[in-house]
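Chemist: just coords:
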């Protein structure tokens, strides 16, 4: 039996074992369901909450203003989701070659959509509501939450805080915020920011951490000493202060925020990875790889990494939670994204001067709580699943 | 040990250099960065005045020099030993006793040292109060959950703690301030600050007009405490529900009679808490502690609407009253985290060989738990305490902005919002120092708790 054969047959076995253990956990199942819901909300946000009618039927025929006003990000998210779904469906049907074809098509379409899609700059939300009132005959299909996140409902006249279901003109299930925008709609669109920041920031942190930690652990010696000092320095800077400084001095945009949260949280991953690499570098399979004269990246990332990734994944699961928390903290302190809806920024509006708007605290705060709770539950279950001791005891 | 501490203190220097260098680089690399133009931006000035002001700032802070020079100059000013320059910018001499100068705040115009001297004690007060509280509660819950692992208490506390751990500090703070301090709901606590203006003129301790009133208060406090303690210590489990129910009912009734319907809501909540404590807490020691707490709270509650003037709460009580919500907000997360950790670490040691030996020797279960198992279980808790302090500093940024407490956290937010370079650098430096001292203290405590650890 060759060594390649061994890894090939035993590797999916372990992954499957861990997965089944995680899925046995009631908390983890809850966490996965909530995350799945959030993914759905964030991908189909314009379908769930939009002031643009999904469909208008009149004499002129069919038209869909919602589609016309989709932004590039909306389309890319939709594309990604569809491709992911297709990939999962056809995974058993096609071989490896087709994967690259699919990925390349995906990449091309993403780039293509980024350049070709330009929704109209000027948006007049009130127009539809006027039209609907004027032309009664036409059929208009609205989204379940018929308000866009930045639709301040100027035509309704009651712009400002409204309790849930308080307004007599339009139905706001979760009330409105200080500008009169619908809270539910803003929350649905904000799930995109929360998830995006959570995943991308953690991905960046993991990437940096794995590279630096891997080099430190594999080479040890001087590299390790210097690297650990760097890790210590970054750990001793209070992360929130560093984040505050970054955000205050640079532009506020979501991609920069992802990068910043990512590069302030890598030291933890570097620590874990270093410990794993220190343990694994003496093992026979690594020695064999070295003797075969494989290139460094192949030893580091194709041979050692898959064997040492488990604790990093546990850390990553908690990391997603803390990245989401970091973003909402920044937004809460008024240093987050300026115009886009974010849960933390909505929470910030809950207490103003001497008034307390409970719906602004409960719903966005509850969303942050549930998301963070989900990732903590998943991380907990994952840690139990890869911990050999916990199964001996119970 | 001394050599170890001295070595650690010296090792702090490169780390602190690194920290300030990172923060400085971030600020210098920012588009626009810090320049005299950015400082006077937004002021509507005539060109000449503008130029003069720019020159003034450039001369004052040296903002037209290259960034590395600016950083080195800042470093030289801050370090207690360094070069002394004359007015033309030439090196005059090297001095070991020149003292450190943190510079002047760009925005406020006051020396940074003064600002920090005002703000740091407040943040430290919050943290120093919270940390022992966190450890006491967390170890209490964790040990109990481990000792009765698998029991109802263990399962429920585990779920509740995991949930509590995930509650963002800002949500907790906002809910607290919204419901417990706001005018629309129950005004039990103050909304902002650390003391009311009147309290600054009050004497330190609470006092009464006449001795009689003080005696009434003391007696009622004593009465409440005794009454509750008796019930807490009661062994007969069958009478307890009946008695605790009637206690709670009596309490609500009396409150209603004296205070009227206005106080009814608070009274009912307190009554439910009283009933729940005596009914569901099945450990006599815990019940006593909680009973005393509830006795004090309910005595204060009754007293607050019963007494008519003549009572000055004093500076201390006022400060404590202001601290309840911020400290609660700052500590619940740590409690949740540490309680789970202490549960798992006690559980690990509870069935270790040495614990079995101790039991075989004939020691009681409490003695095994608290004298043998506890000491070994403390080690992970001490390790974690190193990372607790930075987390608390970050938490106090949020808590201080929610409760408008003028501490270092709020100052940090103001400083970065105002792009106040000197202030940001100094705050980073000090929080770095605090964090590193936290690490050092944790390591020393580790050596004290575990005699096997020897750093020399």
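Modeler: Yes, it's here. Predicted model only: the values in this text are computed from it and were never measured.
Chemist: Tell me which residues touch residue A:32, please.
Modeler: Shown in contact with residue A:32 (CB atoms under 8 Å, 6 or more residues apart in numbering or on different chains): A:23, A:374, A:378. Just so you know, the C-beta spots here come from the backbone N, C-alpha and C atoms, and that holds for glycine as well.
Chemist: Check the secondary structure at it for me.
Modeler: helix (DSSP: H, G, I helix; E, B strand; the rest coil).
Chemist: Test for you: state the pLDDT assigned to it.
Modeler: The model reports residue A:32 with a pLDDT of 92.
Chemist: How about the one 4 residues further on?
Modeler: Looking at residue A:36, its pLDDT is 92.
Chemist: do residue A:390 as well
Modeler: pLDDT at residue A:390 comes out at 59.
Chemist: go on, residue B:97?
Modeler: So residue B:97 comes in at 69 (pLDDT).
Chemist: Pull the residues that contact stretch A:190-201.
Modeler: A:38-39, A:41-42, A:45, A:77, A:149, A:254, A:257-259, A:261-262, A:265, A:320-321, A:323-324, A:326-328, A:337, A:340-343, A:346, A:364, A:367-368, A:371, A:375.
Chemist: and the strand or helix carrying residue B:157, does that touch chain A?
Modeler: Element membership for residue B:157 (DSSP states H and E) is helix B:152-166. Yes: judged by CB under 8 Å from any CB of the partner chain, helix B:152-166 and chain A are in contact via B:162-163, B:165-166.
Chemist: Quick check: next helix or strand after that helix?
Modeler: helix B:169-180.
Chemist: any idea whether residue A:140 is helix, strand or coil?
Modeler: strand.
Chemist: Tell me which residues touch it, please.
Modeler: A:53, A:55-57, A:128, A:132.
Chemist: Mind checking which of these are buried?
Modeler: Buried members of those, counted by 16 or more other CB atoms under 10 Å in any protein chain shown: A:53, A:56, A:128.
Chemist: taking those residues one by one, which sit in helices?
Modeler: residue A:128 (DSSP state H).
Chemist: how much space between residue A:206 and chain B?
Modeler: Here the criterion is CB to the nearest CB, to the nearest Å. By it, residue A:206 lies 20 Å from chain B.
Chemist: how much space is there between residue A:50 and residue A:201?
Modeler: 27 Å (CB to CB, to the nearest Å).
Chemist: Could you tell me how many residues sit around residue A:248?
Modeler: The number of residues packed around residue A:248, counting by other CB atoms under 10 Å in any protein chain shown, is 22.
Chemist: which SSE is it in?
Modeler: In the assignment (DSSP H and E), residue A:248 maps to helix A:239-249.
Chemist: Can you tell me which helices and strands that helix packs against?
Modeler: Secondary-structure packing of helix A:239-249 (3 or more CB pairs under 8 Å, 6 or more residues apart in numbering or on different chains; DSSP states H and E): helix A:254-264, helix A:310-332, helix B:2-29, helix B:374-402, helix B:408-417, helix B:421-449.
Chemist: By mean pLDDT, flag the weakest helix or strand of chain A.
Modeler: Counting by mean pLDDT, DSSP states H and E, the weakest-scoring helix or strand in chain A turns out to be helix A:388-393, with a mean of 56.
Chemist: Now do the contacts for the closest residue to residue A:140 other than its chain neighbours.
Modeler: Counting by CB to CB, 6 or more residues apart in numbering or on different chains, residue A:140 lies nearest to residue A:53, which is 4.9 Å off, once chain neighbours are set aside. Going by CB under 8 Å, 6+ apart, residue A:53 touches A:64-66, A:128, A:140-143.
Chemist: do the same with residue B:426
Modeler: Contacts for residue B:426 (CB under 8 Å, 6+ apart) come out as B:78, B:102-103, B:112-113, B:116.
Chemist: Now tell me what touches whichever strand or helix holds residue B:286 from outside.
Modeler: Using DSSP H and E, residue B:286 sits within helix B:284-306. Residues from elsewhere that reach helix B:284-306, judged by CB under 8 Å, 6+ apart: B:140, B:144, B:217, B:220-221, B:224-225, B:227-229, B:231-233, B:251, B:254-255, B:258-259, B:262-263, B:266-267, B:270, B:273-274, B:277-278, B:281.
Chemist: Put the buried members of those into a ChimeraX selection.
Modeler: In ChimeraX, this line selects whichever of the contacts of helix B:284-306 come out buried by 16+ other CB under 10 Å:
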select /B:140,144,217,220,224,225,227,228,231,232,251,255,259,263,266,267,270,273,274,277,278,281
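Chemist: All good on my end, thank you.
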